[in-house]
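Engineer: no letters, just coordinates:
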């Protein structure tokens, strides 16, 4: 029974998600829970949830259950459900379209040229003249943020 009570505390709508997130944030910022431990546990929980949400058996079970409702869309448990086709992919390899093959080849060549040019620009540390036009080329703007990254073991 204890597990079911805990499961029922998981938020099911936007308002509950917001309240839950704010509660967690308050616990962390008030030092009631050590920040690194909290982030480790939250990260692990997120990983567990992601695994459940990506599980093919769970997906099929959900489709089977949703089919019982007889509608493609319906509301229950404070959320909207929609049964739909997702992740549609097309394989153009066997189309035999010369125009598409030519465009893909040009795209690959252009992508390689762009990556090479970006690599050159990353290496310059101060403005340099363009050898063709004489205009000054500036190094790219760089931005980053400092963050503690978490890897589950």
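Structural biologist: Everything's here; your move. Predicted, not measured: the structure shown is a model, and the values here were computed from it.

Engineer: helix, strand, or coil at residue 81?
Structural biologist: strand (DSSP: H, G, I helix; E, B strand; the rest coil).

Engineer: who's in contact with it?
Structural biologist: By C-beta atoms under 8 Å, 6 or more residues apart in numbering, residue 81 lies in contact with 66, 69, 73, 74, 75. All C-beta atoms are positioned from the backbone trio N, CA, C, and that covers glycine.

Engineer: and the gap between the third one and residue 106?
Structural biologist: In this structure, residue 73 and residue 106 are 42 Å apart, going by C-beta to C-beta, to the nearest Å.

Engineer: give me the buried positions along the lengthiest helix in the chain.
Structural biologist: Longest helix in the chain by number of residues (criterion: DSSP state H): helix 98-123. By neighbour count on 16 or more other C-beta atoms under 10 Å, the buried set for helix 98-123 is empty.

Engineer: state the mean pLDDT of that helix.
Structural biologist: Mean pLDDT, computed over helix 98-123, is 97.

Engineer: which strands or helices does the next helix or strand after it pack on?
Structural biologist: Following helix 98-123 in sequence order, the next helix or strand is strand 128-129 (DSSP states H and E). In terms of contacts (3 or more C-beta pairs under 8 Å, 6 or more residues apart in numbering; DSSP states H and E), strand 128-129 is packed against strand 136-137.

Engineer: where along the chain do the helices fall?
Structural biologist: 2-7, 14-29, 35-54, 56-67, 98-123.

Engineer: that older thread, out of the contacts of residue 81, which end up buried?
Structural biologist: residue 66.

Engineer: would CSV of the contacts of residue 81 with pLDDT and distance to residue 117 be doable?
Structural biologist: Shown next, in CSV, are those (pLDDT from 0 to 100; distance: C-beta to C-beta, whole Å):
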residue, pLDDT, distance to residue 117
66, 93, 49
69, 84, 54
73, 92, 47
74, 90, 52
75, 89, 51
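
Engineer: of the contacts of residue 81, closest to residue 150?
Structural biologist: residue 66 (34.0 Å; C-beta to C-beta).
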